[in-house]
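> build me a structure from this.
(one chain, ligands or ions: 1)
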Amino acid sequence: MSDLVPVETVKAEALAAWAAAADLPALEQAKGAFLGAEGRFTALLRQLGTLAREERPAAGKLINAAKVELEAALAARRTELESRTALPKDPTDFTLPGRRRPLGRLHPLTQVTDDIVKAFRRLGFAVADGPELEDEHHCFDALNTPTDHPARDAQDTFFVDAPSRPLLRTHTSSVQIRVMEKQAPPIRIVVPGRVFRRDNADATHNPTFHQIEGLYVDRGVTVGDLKGTVEAVFRELLGDDVKLRFRPHYFSYTEPSLEIDFTNALVRKLGKEWLEIAGCGMVHPQVFENVGYDPEVWSGWAFGFGIERLAMLRYGITDIRLFYENDTRFLAQF
Ligand code: DAH
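Prediction:
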C-alpha cells in the first residue's frame, strides 16, 4: 500500500509547510493545500476506497494517525505564530528614561520679554497691548508731538498708502494713549510690542525691533518712584553689578524727560563706559489733558526700553541681525 498511499511522504511535506509558514495567513494557505477539500492529504483519504477490502483498516489507521499528528503540529505552529505577532521579540521597555531630542525653545527676545514682564508683574503691573498699524493721533498727536517733528517725517516712519494715512507704530508709547483713553486712573501697565522705523539695517539697527513701554499713573507719583522701580527691575534682569545713570533729555510727552544709561562689566568689556538703554520721564500734563485726566490730580511716569538692547547686553550679542535670521545654531544657545 505504501506505493499507492505515500502517507509518510505527504505528512513530511505538510509538516515542512507548517514550519515554513512565516505568518498566520501563510499557515492557513498551507493548511488548505494539504487538509482542504482539494488538499493533497485529503486526496489520500479518498484513495482508501480504491484499496482491497482487507488493506483498508491498516491504511485507514495509518492515515488517521498522520492526520492527528498534522493537526497537532498545525495548532502548535498557529500558537507560535500568534504569540509572535502579539509580543515583539525585542519588546520596548517604556520605563527606560527618554532620549533627549531637540524640542525647540523660546526665542531669546521672547525670553527676555517674559522676564521683564514677570519682574513688573511682581510689582503689580498688568500687561496691555495695542495695534502695530496705528494712526497719527495715538502715535504722535495725543503724545504732544508737534506736526513738524522729524519723527513724523516719511523718511523716519513707514506710512501705509491708504486714505486714512495709517502708519506702522514707531514706538509702543501709542498704547499709553489707548489705555488712558479707555481706563480711569490709577494705571500700572507694561506693553511689550513690535515697532517700526525707517532705520537702515546695520549691526545695531533694524527697521523693526521691540520695545517695552511702562506707564504708572496715580496721585503723588515722583521721579523717585520711577528710578527705584527701573533700578530694581534692571538689577533683577541683568545682575547686581548693574549701574544706571539718568540724564536729562527731551520727549514731547514727558516733563522732565530723562534718558537711562546703563553699565556693567559687559558694557566695559565692549570698550564703552555707558550704553543708552531707555527713555523715560514724568507724564506731560498736556498728555493727561489729551486723554481727559486732570493733571492737577494725577501724576505719573512712563518709560520705553529697547528689548533687543537688553537681550544683547544680557547675552553678550554684538550684532542685532542675529535675532531675525532664524539660524538654529544661534537660537539653540539660549
Ligand atoms: N518712545 C520713546 C522711544 O521710542 C521711548 C520713551 C521715552 C517712552 C520716554 C516713554 C517715555 O514712555 O516716557 O524712543
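
> and for K118, the neighbour number?
12 (other Cβ atoms under 10 Å). In short, each C-beta sits where N, CA and C put it, glycine included.

> pull up the distance across stretch 313-332, start to finish.
18 Å (Cα to Cα, to the nearest Å).

> and that stretch, what's buried?
Across stretch 313-332, burial judged by 16 or more other Cβ atoms under 10 Å covers 313-314, 317, 320, 322-323, 331.

> chain center to stretch 215-230, what's the gap?
Relative to its parent chain, stretch 215-230 has a centroid offset of 35 Å by Cα atoms, centre = their mean, to the nearest Å.

> only C-alpha atoms, please: export that stretch in CSV.
Only the C-alpha atoms of stretch 215-230 are listed here, as CSV (Å, rounded to 0.1, in the frame of the first residue of the first chain):
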residue,chain,number,x,y,z
LEU,A,215,3.1,103.6,32.5
TYR,A,216,2.3,104.4,36.1
VAL,A,217,-0.4,106.9,36.9
ASP,A,218,-1.6,107.7,40.4
ARG,A,219,-1.7,110.5,42.9
GLY,A,220,1.6,111.9,44.1
VAL,A,221,3.9,109.8,41.8
THR,A,222,7.5,111.1,41.7
VAL,A,223,10.8,110.7,39.8
GLY,A,224,12.0,108.8,42.8
ASP,A,225,9.4,106.1,42.1
LEU,A,226,10.5,105.9,38.5
LYS,A,227,14.2,105.5,39.4
GLY,A,228,13.5,103.0,42.2
THR,A,229,11.3,100.8,40.0
VAL,A,230,13.5,100.8,37.0
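
> in this structure, what secondary structure element scores lowest on mean pLDDT?
helix 265-269 (a mean of 85; mean pLDDT, DSSP states H and E).

> where does the stretch 151-300 of the chain dip in pLDDT?
Low-confidence segments of the stretch 151-300 of the chain (pLDDT under 70): 200-203.

> show me the strands in it, by range?
Remark: strands assigned in the stretch 151-300 of the chain by DSSP state E, counting those that start in this stretch are 167-168, 187-196, 208-218, 243-251, 254-263, 275-283, 299-306.

> winner for burial among the ones you listed?
Mean neighbour count (mean count of other Cβ atoms under 10 Å) peaks for strand 299-306 among the strands of the stretch 151-300 of the chain, with a mean of 23.
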